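Peer 1: I'd like to go over a predicted model; first the sequence, then the structure.
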Amino acid sequence: MVLCMTDLTAFPATDPLGIYRYRDGLYAVDLVTAALELDFFSWLAAHPSTLDQICAQYGFHSRPADVMMTLFAANGWVRSVDGVFHLTEVALEYLVASSEWFLGPYYASLHERPIARDFLQVLRTDKPAGWSGDKASFDWHKAMEQEDFARKFTAAMDCRGRYLAQALAKKLDLTGRSKLLDIGAGSGIYACSIAAEHTHLRAVVFDQAPVDRIAGKLIAERGCAERVSVTTGNMFDGLPTDCDVHLYSNVLHDWGTAEVKKLLEVSYAALPAGGLLIIHDAFINAEKTGPLHVAEYSCLLMHSTQGKCYSVGEYAELLSEVGFVPGAYQDTAVGRGFMVAGK
């Protein structure tokens with residue numbers, strides 16, 4: 001695919017929210033189906049429980065169980081009171097087997113869907129099931145080291161980022177900043193869009209092989225090579241120290257809490273005093289009750305990666321532990337937004 005040298009500061013006239021949400025929320029129904037197969041709501045009705053108690057009862061791990069309970073809270077099926085989950089009235093009427101209005105049988109024909117079966121395993125093992133329930137697929141992060149998979153996945157993220165990057169670039173205040181490092185950057189669409197919007201800024205795309213080569217080609221085709229360069233490396237092993245802004249765009253949600261904290265530590269070590277960190281992603285709210293479309297997207301991430309959609313509060317806590325001063329969250333577009341943090 002050869003790209004035209006389009007204007008990366010131009011924004012489309014229409015809103016693609018619904019188109020994004022169909023893909024982002026694709027797996028949520030399968031997680032609901034898995035819970036109904038376990039008759040989970042009937043048990044919770046009789047045993048209001050904390051997340052740890054739910055995990056102990058079913059042999060679940062906390063990451064996938066947290067995603068599941070956030071989905072149910074976002075749908076208004078459970079509420080948390082001092083950390084204890086209770087069913088709401090709608091769940092008591094329609095999701096509990098003893099109710100005359102029980103809708104469990106309506107989902108019974110979906111129990112054998114591959115993704116629903118996957119979720120039962122992910123809940124119990126905390127191991128990603130792979131994209132599209134492909135049991136033969138290898139570790140997603142290792143797969144990105146292979147040319148064909150990396151090219152296809154990078155193209156998918158590039159077309160998504162063409163819109164999202166513009167929304168982010170227009171919201172950022174980068175006054176006085178000189179050089180941005182786009183970490184785990186994929187195609188480089190975010191670095192290119194931000195550099196196009198903030199013309200005083202240079203940018204560096206940082207990713208591993210073979211994504212670095214793919215990014216270099218796309219950056220050149222976009223006509224951005226004079227101000228956007230590519231550096232190859234493993235983000236866990238250290239980062240260049242000559243950038244005063246770091247960007248993680250749709251990167252941290254692929255990793256577990258320990259890995260997210262490690263990446264934040266690596267950034268903190270590489271940034272100068274006064275440096276700026278930007279996390280651009282789909283965020284769960286501080287109360288972990290939504291938004292629903294983000295809770296649905298988190299199901300897909302939980303199924304296929306080591307991560308999930310983190311809440312504003314979870315990111316703020318991790319940033320503070322590392323030494324950053326977290327800033328406020330701001331919306332951008334189609335359920336995405338960003339947080340900044342200062343060193």
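Peer 2: Structure's in. What do you need?
Peer 1: CA only for contacts and neighbour counts going forward, please
Peer 2: Fine.
Peer 1: count the residues that sit near His293.
Peer 2: Each residue near His293 was counted by other CA atoms under 10 Å, and the total is 21.
Peer 1: pretty sure Asp30 contacts Ile115?
Peer 2: Yes: using CA atoms under 8 Å, Asp30 makes contact with Ile115 at a distance of 6.0 Å.
Peer 1: quick one, what contacts the nearest residue to Leu292 once chain neighbours are set aside?
Peer 2: With CA to CA, 6 or more residues apart in numbering as the measure, Ala74 is the residue that lies nearest to Leu292, at 4.9 Å, once sequence neighbours are left out. Contact criterion CA atoms under 8 Å, 6 or more residues apart in numbering gives Lys288, Thr289, Gly290, Pro291, Leu292, Ala295 as the residues in contact with Ala74.
Peer 1: just those residues: which are in helices?
Peer 2: Among the contacts of Ala74, the subset assigned to helices under DSSP state H consists of Leu292, Ala295.
Peer 1: what is the burial count for Cys309?
Peer 2: Applying the criterion other CA under 10 Å, we find 26 residues in the vicinity of Cys309.
Peer 1: which SSE is Ala116 in?
Peer 2: In this assignment (DSSP states H and E), Ala116 forms part of helix 114-125.
Peer 1: now that helix - C-alpha only, PDB.
Peer 2: What follows is the C-alpha trace of helix 114-125 in PDB, where atoms were taken according to Å, rounded to 0.1, in the frame of the first residue of the first chain:
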ATOM      1  CA  PRO A 114     -15.100 -20.100  20.400                       C
ATOM      2  CA  ILE A 115     -14.600 -16.800  22.100                       C
ATOM      3  CA  ALA A 116     -17.000 -17.600  24.900                       C
ATOM      4  CA  ARG A 117     -15.100 -20.900  25.500                       C
ATOM      5  CA  ASP A 118     -11.800 -18.900  25.400                       C
ATOM      6  CA  PHE A 119     -13.100 -16.500  28.100                       C
ATOM      7  CA  LEU A 120     -13.600 -19.400  30.600                       C
ATOM      8  CA  GLN A 121     -10.000 -20.300  30.100                       C
ATOM      9  CA  VAL A 122      -8.700 -16.800  30.300                       C
ATOM     10  CA  LEU A 123     -10.600 -16.200  33.500                       C
ATOM     11  CA  ARG A 124      -9.000 -19.300  35.100                       C
ATOM     12  CA  THR A 125      -5.500 -19.000  33.700                       C
END
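Peer 1: give me the contacts around that helix.
Peer 2: By CA under 8 Å, 6+ apart, the surrounding residues in contact with helix 114-125 are 27, 30-31, 33-34, 58-61, 64-65, 110-111, 127-129, 132-133, 302-303.
Peer 1: how is the protein partitioned into domains?
Peer 2: Using automatic domain parsing, the domain ranges for the chain come out as 21-138, 141-287+301-342.
Peer 1: among those domains, which is the most enclosed?
Peer 2: Between those, the one whose residues have the most neighbours on average, counting mean count of other CA atoms under 10 Å, is domain 141-287+301-342 (a mean of 20).
Peer 1: how far does that domain sit from the chain's center?
Peer 2: When distances are taken as CA atoms, centre = their mean, to the nearest Å, domain 141-287+301-342 is centred 11 Å away from the chain's centroid.
Peer 1: tell me how far the residue nearest to Asp52 when sequence neighbours are not counted lies from Ala56.
Peer 2: In this structure, Asp52 finds its nearest non-sequential neighbour in Ser62, 7.2 Å apart by CA to CA, 6+ apart. Using CA to CA, to the nearest Å, one gets 10 Å for the distance from Ser62 to Ala56.
Peer 1: how about Leu263?
Peer 2: Leu263 sits 30 Å away from Ala56, taking CA to CA as the criterion.
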